[in-house]
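need the 3D shape of this:
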Amino acid sequence: MRTLVALCVLSAAGFSVAQDKEAPVVPPREGKTETIELFDGKSLDGWEGYSDLWSVQDGVIVAKNTEPLKYSTYLHTKDEYTDFRLSFAAKLVESEMHSGVAFWGEIFPDADGKVKDRVADRSEHTYKGHLVMFPSGYGMYDLFGRNGLKVDGGPAKAVGKQHDWNDVEILAQGNRVRVAVNGAAVVDWRDPEPNRIKAGPIALQLHSNTVPQEIHFKGLVLETFPKEDRLLTVK
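Reported below is the predicted structural model:
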């Protein structure tokens with residue numbers, strides 16, 4: 001009976017029971033190490049998303065909606081990645097809803113099989129995979145999967161800025177994800193279900209919401225198959 005109650009509590013909290021098992025150690029994958037500027041500061045070349053929701057202004061990627069969004073939508077790279085280091089800055093300008101960066105997954109226009117019309121419902125650029133969230137709901141999420149992952153958002157919240165620029169570094173290697181915010185290490189997590197990990201696009205999130213939102217991104221420099229196994233922005 002106690003076990004059943006415990007399972008119910010975990011389910012209600014949005015956590016998968018499988019996350020309680022010890023995560024295996026999957027070593028970093030091997031491949032060509034190169035530095036890629038995902039954003040050229042002038043255009044959205046190399047990216048895909050809704051052109052009325054994503055634009056470039058004054059050297060910054062702007063995500064903005066004025067009408068309600070039924071589903072979270074993403075600006076995603078055309079190329080796919082597994083092991084990487086991504087450094088960028090992000091600023092939540094309007095609304096209190098979190099944004100994030102998704103990876104290790106796939107574009108998922110069916111949105112859990114509930115979409116009647118992909119174009120009308122604006123679900124052509126939804127994402128199924130892992131998500132690092134900021135700045136409101138810091139932590140990690142498994143989109144269209146296990147939902148909330150067991151990552152403490154407290155350390156990031158302590159150093160993050162709600163409506164100002166935040167410098168973020170995401171280091172994804174093997175089944176391990178490390179995150180730094182404004183020079184502080186805030187996440188170190190291994191996926192206990194590494195079979196869920198796949199090469200996928202890097203994607204910026206504009207969250208589903210009923211109110212206007214605006215989020216800015218800049219920088220967006222990616223290193224494939226990082227040579228150094230550490231967060232470089234943490235001193």
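
pLDDT below threshold where in this structure?
1-20 (pLDDT under 70).

at 90 what do you get?
1-21, 110-122, 137, 235 (pLDDT under 90).

center of it - which residue?
Relative to the mean C-alpha position of the chain, the nearest C-alpha, by CA atoms, centre = their mean, is the one of residue 101, at 2.4 Å.

correct me if wrong: that residue contacts residue 201.
No: the pair residue 101 / residue 201 is not scored as a contact, 10.6 Å apart, by CB atoms under 8 Å. For glycine as for every other residue, the C-beta is placed from the backbone atoms N, C-alpha and C.

quick one: residue 88 from residue 150, how far?
25 Å (CB to CB, to the nearest Å).

of those two, who's got more company?
residue 88 (21 against 16; other CB atoms under 10 Å).

count the residues that sit near the residue lying closest to residue 95 once chain neighbours are set aside.
Distance criterion CB to CB, 6 or more residues apart in numbering; nearest residue to residue 95, sequence neighbours excluded, is residue 213 at 4.0 Å. Residues within reach of residue 213, counting by other CB under 10 Å, total 22.

repeat that for the one 10 residues further on.
Here the number of neighbours of residue 223 (other CB under 10 Å) works out to 18.

cool, and residue 189?
The burial count for residue 189: 20, using other CB under 10 Å.

part of a strand, is residue 120?
No: using DSSP: H, G, I helix; E, B strand; the rest coil, the assignment for residue 120 is helix, not a strand.

which residues does residue 61 bridge with?
residue 56, residue 217 (DSSP bridges).

so who does it touch?
39, 44, 54, 55, 75, 204, 216, 217, 218, 220 (CB atoms under 8 Å, 6 or more residues apart in numbering).

ok, it to residue 152 distance?
For residue 61, the distance to residue 152 - CB to CB - is 29 Å.

same question for residue 60.
From residue 60 to residue 152 the distance is 30 Å (CB to CB).

what about the two, which has more around it?
Set side by side, residue 60 and residue 152 show more neighbours around residue 60, with 16 against 13, by other CB under 10 Å.

wait, isn't that one in contact with residue 219?
No: the criterion here is CB under 8 Å, and residue 60 misses it with residue 219 at 9.6 Å.

tell me the phi and psi of residue 232?
When read as degrees, to the nearest 10, the backbone of residue 232 gives phi -80, psi -20.

for the spatially closest residue to it that is not a sequence neighbour, grab phi and psi.
Once flanking residues are discounted, residue 232 sits nearest to residue 169: 6.7 Å by CB to CB, 6+ apart. When quoted as degrees, to the nearest 10, the phi and psi of residue 169 stand at phi -130, psi 130.

what's the burial count for residue 169?
There are 21 residues near residue 169, going by other CB under 10 Å.

which residues touch the nearest residue to residue 184 once chain neighbours are set aside?
The shortest distance from residue 184 to any non-neighbouring residue, by CB to CB, 6+ apart, is to residue 159 (4.5 Å). Residue 159 sits next to 181, 182, 183, 184, 186 when contact means CB under 8 Å, 6+ apart.

looking at those residues, spot the one nearest residue 107.
Minimum distance to residue 107 across these is 26.7 Å, recorded for residue 181 (CB to CB).

show me what contacts the closest residue to the closest one other than its chain neighbours?
Closest residue to residue 181 apart from its sequence neighbours, by CB to CB, 6+ apart: residue 156 at 4.9 Å. Applying CB under 8 Å, 6+ apart to residue 156 gives the contacts 134, 135, 138, 139, 179, 181, 186, 187.
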